[in-house]
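Enquirer: Need coordinates for the following:
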Amino acid sequence: MASELKTLLREPQTVEDLHIPQNIVIDLILRLLFSEGNVALSRMVQVIRVNSQILDKLLLWMQREHLVEVSQAGTGLGRLGYVYTLTEAGQERARAALDRSQYVGPAPVPVHYYNKGLELQTQTAQQVRPEAVQKALQGLILPQDFHRRIGPAVNSGSSLFLYGPPGNGKTTIAQAIGRLIAGTEPIWIPYAITAGGYIIQIYDRLIHQRINVEGGRTAELGRIDRRWGLFRRPTVMVGGELKMEALDLRYDPVAKFYEAPLQLKANGGMFLIDDFGRQQVSPSDLLNRWIVPLESRVDFLRLRSGQTIVVPFRQLIVFSTNLDPNDLVDDAFLRRIQIKVKVEGPDQRRFFQIFAVMCKQMNIRFDKQSFAHLLHKWYIQPKRVMQSVHPRDILRTVTAICEYEGTQPRLTPQLIDEACRNYFVD
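Expert: This is a model prediction of the structure:
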């Protein structure tokens with residue numbers, strides 16, 4: 001696998017080594033010059049992420065065609081320090097390039113190269129040890145050996161269904177899983193890909209955390225094609241705002257290039273659908289969208305030209321809901337979810353542990369009498385179900401009351417009553 005990946009990521013030395021039409025790179029140069037005016041060759045290398053020898057060769061051709069001219073010669077850097085600007089003919093060509101697309105950024109990688117790269121890096125599941133899972137969940141008060149229910153799902157890298165009553169940490173558990181996956185071996189992802197003559201931007205600065213590669217080379221892989229970046233494994237989290245359009249290629253009719261769907265951005269990492277069942281799209285439509293990718297581990301995306309492209313679906317997809325799974329999904333879909341984990345509310349012992357931990361975190365002295373009062377009056381008497389989130393919320397309300405009256409946050413039965421009257425709806 002390492003030798004294949006090394007070949008795939010090897011730095012291109014010629015235009016042909018890029019495996020994309022030469023005009024794509026020329027258009028990127030034209031659009032960059034049009035938007036920034038005077039641009040040094042070193043700046044082009046930084047933006048387009050193609051080495052200086054290739055760009056210099058293209059710029060020499062563009063000079064001969066009277067599309068660009070040198071506006072300033074560098075000192076001591078040779079042609080790398082040259083600053084270029086568009087000629088009148090070049091501006092006309094640049095406008096035509098902008099009509100085709102307004103994308104300015106790293107040159108794209110062919111979609112089949114992207115597919116190969118992802119497959120090579122995900123053909124072996126990430127192996128996380130029990131100690132790592134326990135460490136990831138250590139801030140949470142969970143049932144004993146709860147990590148044994150989560151760890152296998154992370155290692156399988158397929159799917160996980162978290163369900164149970166609200167307020168018991170499903171989202172927090174999923175976020176901990178995301179951090180755990182992000183901390184495993186980083187992954188090489190191209191900034192953009194090309195398919196059917198279109199550019200599809202994958203890189204999202206809100207999702208992809210780049211790892212600096214010193215000198216553009218690694219000991220294992222040598223000099224790297226800079227169109228690929230090394231990233232922490234991504235985590236994409238969506239909730240009730242999710243719409244079906246976010247799962248398809250999104251074409252910007254003004255910019256005239258595509259933004260990758262969320263699952264493509266999440267490849268190699270984790271995709272969390274939180275509050276499943278409360279999206280702006282029906283659960284059945286959402287589930288039908290995932291049935292084929294979950295089973296075949298590939299996804300099908302359609303370009304506006306009608307062409308369909310196939311891309312890998314290699315991520316841990318997590319569904320989290322506080323609704324009854326039997327009301328949301330049928331048996332056929334549940335069979336495709338490898339692991340289902342119920343996250344239940346705490347018993348009295350765990351509720352006490354959570355309350356004590358939250359007191360310590362919020363710098364409030366624990367008071368046994370006040371806690372016993374809370375338990376008896378607000379849970380046992382009214383037969384209220386305990387939730388893991390209650391201690392934090394009640395103590396926050398106590399703190400707000402104390403700050404309002406200008407006193408040090410503390411616990412008393414009277415403050416517990418006032419906080420709970422403000423918090424619970426009976």
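
Enquirer: Quick one: the helices in the stretch 301-426 of the chain, in order.
Expert: 325-328, 331-336, 348-361, 368-375, 390-405, 413-423 (DSSP state H, counting those that start in this stretch).

Enquirer: Listing request: residues of the stretch 251-400 of the chain with sub-threshold pLDDT.
Expert: Along the stretch 251-400 of the chain, the model assigns pLDDT under 70 to no residue.

Enquirer: returning to that earlier point: quick one, which of the helices of the stretch 301-426 of the chain gets closest to Ile207.
Expert: helix 331-336 (25.1 Å; Cβ to Cβ). For every residue, glycine as well, the C-beta is placed using N, CA and C.

Enquirer: Pull out the buried positions in that closest one.
Expert: If you call a residue buried by 16 or more other Cβ atoms under 10 Å, then helix 331-336 has these buried ones: 333, 336.

Enquirer: how is this protein carved up into domains?
Expert: 21-105, 111-342, 348-423 (automatic domain parsing).

Enquirer: would you turn these into TSV with distance to Thr7?
Expert: Shown next, in TSV, are the domains of the chain (distance: least, Cβ to Cβ, whole Å):
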stretch	distance to Thr7
domain 21-105	17
domain 111-342	10
domain 348-423	50
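
Enquirer: Figure out which of these is closest to Arg10.
Expert: Taking the domains of the chain one by one with Cβ to Cβ, domain 111-342 is closest: 6.5 Å.

Enquirer: so Ser305 sits right up against Leu249, yeah?
Expert: No: using Cβ atoms under 8 Å, Ser305 makes no contact with Leu249, being 11.1 Å away.

Enquirer: Which one's more surrounded, these two?
Expert: Taking other Cβ atoms under 10 Å, Ser305 and Leu249 do not tie; Leu249 has more neighbours (18 against 10).

Enquirer: Relative to Gln53, how far out is the more buried one?
Expert: The gap separating Leu249 from Gln53 is 33 Å, by Cβ to Cβ, to the nearest Å.

Enquirer: And Ser305, by the same measure?
Expert: With Cβ to Cβ as the criterion, Ser305 and Gln53 are 34 Å apart.

Enquirer: hmm, back to that, Throw the helices of the stretch 301-426 of the chain into CSV and include distance to Asn288, thanks.
Expert: As requested, those are exported to CSV (distance: least, Cβ to Cβ, whole Å):
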stretch, distance to Asn288
helix 325-328, 13
helix 331-336, 9
helix 348-361, 38
helix 368-375, 46
helix 390-405, 37
helix 413-423, 40
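
Enquirer: of all those helices, which lies closest to Trp290?
Expert: Trp290 sits nearest to helix 331-336 of all these, at 8.0 Å, using Cβ to Cβ.

Enquirer: Packing partners of the closest one?
Expert: Packing partners of helix 331-336 (3 or more Cβ pairs under 8 Å, 6 or more residues apart in numbering; DSSP states H and E): helix 283-296.

Enquirer: switch the cut-off to 10 Å
Expert: Helix 331-336 is packed against strand 159-163, helix 283-296, helix 325-328, with contacts defined by 3 or more Cβ pairs under 10 Å, 6 or more residues apart in numbering; DSSP states H and E.

Enquirer: Skipping adjacent residues, who's closest to Gln263 in space?
Expert: Phe271 (5.7 Å; Cβ to Cβ, 6 or more residues apart in numbering).

Enquirer: make that Leu221, sorry
Expert: Lys6 (4.8 Å).

Enquirer: follow-up on the earlier one: figure out which of the helices and strands packed on helix 331-336 is closest to Arg79.
Expert: Arg79 sits nearest to helix 283-296 of all the helices and strands packed on helix 331-336, at 47.1 Å, using Cβ to Cβ.

Enquirer: Run through who's touching that closest one.
Expert: Identification of contacts with helix 283-296 by Cβ atoms under 10 Å, 6 or more residues apart in numbering yields 158-159, 242-244, 247-248, 263, 271, 273, 276-277, 279-282, 298-300, 310-315, 317, 319, 321, 323, 327-330, 332-338.

Enquirer: Just the ones in strands from those residues, please.
Expert: Using DSSP state E, the members of those that fall in strands are 159, 271, 273, 298-300, 310-312, 317, 319, 321.

Enquirer: Out of the helices and strands packed on helix 331-336, which is closest to Arg95?
Expert: Arg95 sits nearest to helix 283-296 of all these, at 39.1 Å, using Cβ to Cβ.

Enquirer: before we move on, the earlier item: and Ala2, which of the domains of the chain is closest to it?
Expert: domain 111-342 (6.5 Å).

Enquirer: And Leu140, its phi and psi?
Expert: Backbone torsions of Leu140, given as degrees, to the nearest 10, read phi -110, psi 140.

Enquirer: Excluding chain neighbours, give the residue nearest to it in space.
Expert: Counting by Cβ to Cβ, 6+ apart, Leu140 lies nearest to Gly169, which is 5.8 Å off, once chain neighbours are set aside.

Enquirer: Next: Val385.
Expert: Nearest residue to Val385, sequence neighbours excluded (Cβ to Cβ, 6+ apart): Gly345, at 5.7 Å.

Enquirer: That neighbour: what's it in contact with?
Expert: Neighbour list for Gly345: 164-169, 351, 385-390 [criterion: Cβ under 10 Å, 6+ apart].

Enquirer: And Cys402, by the same measure?
Expert: By Cβ under 10 Å, 6+ apart, the contact set of Cys402 is 364, 408-412, 415, 419.

Enquirer: Give me the ChimeraX select line for those residues, limited to the buried ones.
Expert: This is the ChimeraX syntax for the buried subset of these, where burial follows 16+ other Cβ under 10 Å:
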select :364,409,411,415,419
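
Enquirer: out of the contacts of Cys402, what pair is the most spread apart?
Expert: Maximum pairwise distance in the contacts of Cys402, criterion Cβ to Cβ, is 15.5 Å, between Gln408 and Ala419.

Enquirer: Hmm, Thr218 and the residue nearest to Leu221 touching each other?
Expert: Yes: applying Cβ atoms under 10 Å, one finds Lys6 in contact with Thr218, separated by 9.4 Å.

Enquirer: closest one to Val15 among the domains of the chain?
Expert: Proximity to Val15 (Cβ to Cβ) singles out domain 21-105 among the domains of the chain, at 5.3 Å.

Enquirer: Please tell me how far that closest one is from the chain's geometric centre.
Expert: 32 Å (Cα atoms, centre = their mean, to the nearest Å).

Enquirer: how long is it end to end?
Expert: End-to-end distance for domain 21-105, by Cα to Cα, to the nearest Å: 16 Å.

Enquirer: backbone phi and psi for Val83, please?
Expert: phi -110, psi 130.
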